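S.K.: Have a look; sequence and predicted model below, questions after that.
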Amino acid sequence: MTQKIAFIGLGVMGFPMAGHLAKAGYQVTVYNRTMSKAKAWCAEYQGSYSETPAEAAKQADIVCCCVGNDDDLRQVTLGEQGAFAAMKPGAIFVDHTTTSAQVASELAQQAEHKQIVFFDAPVSGGQAGAENGQLTIMVGGAEQQFTEILPLLNCYARFVKLMGGIGSGQLTKMVNQICIAGVVQGLAEGMHFARSAELDVAAVIEVISKGAAQSWQMENRYQTMLAGEYNHGFAVDWMRKDLGIVLDEARRNQSHLPVTALVDQFYSEVQAMGGSRWDTSSLFAVLESKRKAT
C-alpha cells in the first residue's frame with residue numbers, strides 16, 4: 001500500500017480505527033495529545049508517531065482525525081502546529097469527530113484556501129464497532145474525491161454513504177443521536193414498567209423483541225441494564241455533548257425536538273448520580289432509583 005496516512009486522535013475510537021489501517025497495509029503515522037497513547041499504538045501496530053499534528057500530516061496523502069469536540073478539532077487543524085499548515089496541496093482531510101455542522105463548514109473553507117480537500121465523516125457504532133471494523137460512516141463533501149477515500153473508510157466500516165455537501169455528514173449524525181436517545185429512553189421505561197408490574201423482564205424482552213418493538217438497543221443492552229452494568233458503550237458525557245449540538249442546530253433550523261430535549265435532561269440526572277462515564281443505557285438507572293425511593 002503506497003498511500004501515506006496520518007491519524008490524529010487515539011481515543012477509544014481512533015486507536016482501533018488507525019490500527020485497521022495499519023493492518024490493511026497503509027503507511028500510518030499517528031498523533032495523540034497524550035504521547036503515551038501514540039507510543040502504545042506503535043507498540044501494537046506497525047507505524048510511527050509524531051509530536052505535533054503538523055509533523056504527522058506533512059507527508060500524508062490522507063489525514064484522518066477523531067478527537068473530542070469542535071475546539072479539539074480546531075486545535076489539531078489550525079495554527080502553526082495544526083495539520084492544515086503542513087498538508088500538501090491536493091491532500092485530503094477526513095474528520096471522524098462528531099461536531100457541529102458549522103465547524104465543518106468553517107474548516108472546509110480554511111482547507112480550500114490551502115488547496116486541501118475536507119470531508120466531515122462522523123461515525124456510529126461505538127467502541128465495539130471501531131474495534132471490529134463495523135462502523136457506519138456518514139460523509140459530507142465532494143463526490144469527486146469521495147471515491148478516493150472509500151477504500152480507506154472500508155477498512156473500519158461496514159457501511160459508508162456520501163450524504164451530500166459539507167456538513168451533511170454531521171447533520172446525519174445528529175439524526176442518529178436523536179433516534180438513539182428516544183429508543184433508549186423507551187426501552188428504559190418499558191423495562192422499568194415491567195419490573196414495577198412484577199413481570200419477568202427478561203421474558204418480556206424475549207417476547208417483544210420478536211415484534212415491532214425490536215431494536216439494536218433492546219438486543220444488545222437489556223441484559224446489562226438489568227444487571228446495573230453501564231460500562232459497555234458510549235459515555236453519557238459524550239452523549240450530552242452530542243445532544244447539545246443537536247439542540248443548538250434545532251434552534252437554528254427551527255426543528256421541534258421535545259423528546260430529545262427531555263432525554264438530555266434525564267442524562268443530566270445520570271451525571272448527577274455520578275454516571276458521567278456510564279454508557280447511554282444508564283437512563284434505566286434513573287428510573288430504577290426513583291422506584292426504589294418510593
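M.R.: Arrived safely, thanks for sending. Numbers count the residues shown, from 1 in each chain.
S.K.: Doesn't M174 belong to a strand?
M.R.: No - assigned with DSSP: H, G, I helix; E, B strand; the rest coil, M174 falls outside any strand and is helix.
S.K.: ok, it to R74 distance?
M.R.: 19 Å (C-beta to C-beta, to the nearest Å). Yep, even glycine has a C-beta here, placed from its N, CA and C like the rest.
S.K.: So between these two, which is more surrounded?
M.R.: Set M174 next to R74 and count neighbours by other C-beta atoms under 10 Å: M174 wins out with 26 against 17.
S.K.: contacting residues around the most centrally placed residue in the chain?
M.R.: The centre of the chain sits closest to V123, judged by C-alpha atoms, centre = their mean, with a distance of 4.8 Å. Listed by C-beta atoms under 8 Å, 6 or more residues apart in numbering, the contact set of V123 reads M13, C66, H96, T98, G129, A130, L135, T136, I137, M138, A157.
S.K.: can you rerun that using 6 Å?
M.R.: H96, L135, I137 (C-beta atoms under 6 Å, 6 or more residues apart in numbering).
S.K.: pLDDT value on the nearest residue to it once chain neighbours are set aside, please?
M.R.: Nearest non-adjacent residue to V123, counting by C-beta to C-beta, 6 or more residues apart in numbering: L135, 4.5 Å away. As predicted, L135 sits at a pLDDT of 98.
S.K.: Verify the stated contact: L135 with A157.
M.R.: Yes - applying C-beta atoms under 6 Å, one finds L135 in contact with A157, separated by 4.7 Å.
S.K.: More neighbours: which of the two?
M.R.: Higher neighbour count among L135 and A157: L135, with 26 against 23, using other C-beta under 10 Å.
S.K.: how near is that one to I5?
M.R.: 16 Å.
S.K.: Who are the packing partners of the helix or strand of the chain with the lowest mean pLDDT?
M.R.: Among the helical and strand segments of the chain, the one scoring lowest on mean pLDDT, DSSP states H and E is helix 283-293, with a mean of 90. For helix 283-293, the elements it packs on are helix 168-196, helix 258-272, judged by 3 or more C-beta pairs under 6 Å, 6 or more residues apart in numbering; DSSP states H and E.
S.K.: That concludes my questions; thank you for your assistance.
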